[in-house]
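Asks: Give me a model of this one.
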Amino acid sequence: MSNNIENKIALVTGANRGIGKNIVEHLLANGAKKVYLAVRNPQSTLEMEQNYGDKVQTLQADVADKASVYALAEQATDVDIVINNAGILDSAPAIGEDTEAALRRELNVNLYGLLYVANAFAPTLTRKQGTLVQLNSVVSIRNFPAFATYSVSKAASYSLTQALRETLASQGVKVISVHPGPIATDMGDQAGFDQAAPASVVSESIVTAIENGEFHVFPDEMAKMFGDGYQSFAENFVTADLGGE
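Replies: Numbering: from 1, shown residues only. Next up is the predicted model:
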């Protein structure tokens, strides 16, 4: 059991399926006392409630809605770990009729959702000396034209995650940035990936990162290739102390 998760209270956005559901399962398996399931549709977590009983609690929330996220934070004032997993893939190429609309939709969830979650939960996480985990992606580092707008939204969320790391560190809050490659989820199917890593690879890496205090997490084999190539830049510029520049 992880000493950093055992008996802790966590909240996971987008907890009803895919990576989010798997994260919940791994948190509980590693001794989490309770996990809040933050989802848009409370009916989608009924099976999880039946399986885990009072170890989980469903809370309705839409991360693209600022008022909804702040209401969520008011209901979960005891969390030690917040994992912002909710995200959408509604991608369009850089040139096209749907590009602007797709980018707006993705930014509303993938970027503004993180902004709302971080600001709403910062007081609680500061008080609890907790951890904020953000699900980014390898496309936050390298834009793939077939998923141009999605890549842009994830690059923006990764940039914000870097700022949150430095801002919240002085308040005793750890921030973790997770960068998966193709994962076998509904979103992975939507993207057309034939070969993808299981969601458990991501959730296991998050548990390890919380335990070890890591910032960058590259869970699967493709992600590790990105991480290896990115390591020097990350160490020298992203996580280095550059005097606030």
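Asks: C-alpha from now on. contacts and neighbour counts both.
Replies: Fine.
Asks: what are the ranges of the strands in the protein?
Replies: 9-13, 34-39, 56-60, 81-84, 131-135, 174-178, 216-217 (DSSP state E).
Asks: Run the angle between the first one and strand 131-135 for me.
Replies: Regarding strand 9-13 and strand 131-135, their directions subtend 20 degrees when assessed with axes from the mean of the first three to the mean of the last three CA atoms, to 10 degrees.
Asks: How about the second one?
Replies: Compare the direction of strand 34-39 with that of strand 131-135 by the same axes, to 10 degrees and you get 40 degrees.
Asks: Give me the buried positions along the longest helix seen in the chain.
Replies: If you go by DSSP state H, the chain has its longest helix at helix 148-169. The neighbour-count check on helix 148-169 (16 or more other CA atoms under 10 Å) flags 148-162, 164-166, 168 as buried.
Asks: for that helix, the distance to its chain's centre please.
Replies: Offset of helix 148-169 from its chain centre (CA atoms, centre = their mean, to the nearest Å): 11 Å.
Asks: possible to save the strands of the chain as CSV with mean pLDDT and distance to residue 141?
Replies: Output for these, formatted as CSV (pLDDT from 0 to 100; distance: least, CA to CA, whole Å):
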stretch, mean pLDDT, distance to residue 141
strand 9-13, 98, 23
strand 34-39, 98, 27
strand 56-60, 98, 32
strand 81-84, 98, 19
strand 131-135, 98, 13
strand 174-178, 98, 12
strand 216-217, 98, 12
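Asks: pLDDT averaged over stretch 230-240 - what is it?
Replies: The average pLDDT within stretch 230-240 is 97.
Asks: Name the surrounding residues that touch stretch 36-46.
Replies: Residues outside stretch 36-46 that contact it (CA atoms under 8 Å, 6 or more residues apart in numbering) are 9-16, 56-62, 72, 76.
Asks: farthest residue from the center of the chain?
Replies: Within the chain, residue 97 marks the point farthest from the mean C-alpha position, 29.5 Å out by CA atoms, centre = their mean.
Asks: From one end of stretch 129-145 to the other, what's the distance?
Replies: 39 Å (CA to CA, to the nearest Å).
Asks: Alright, calling it a day.
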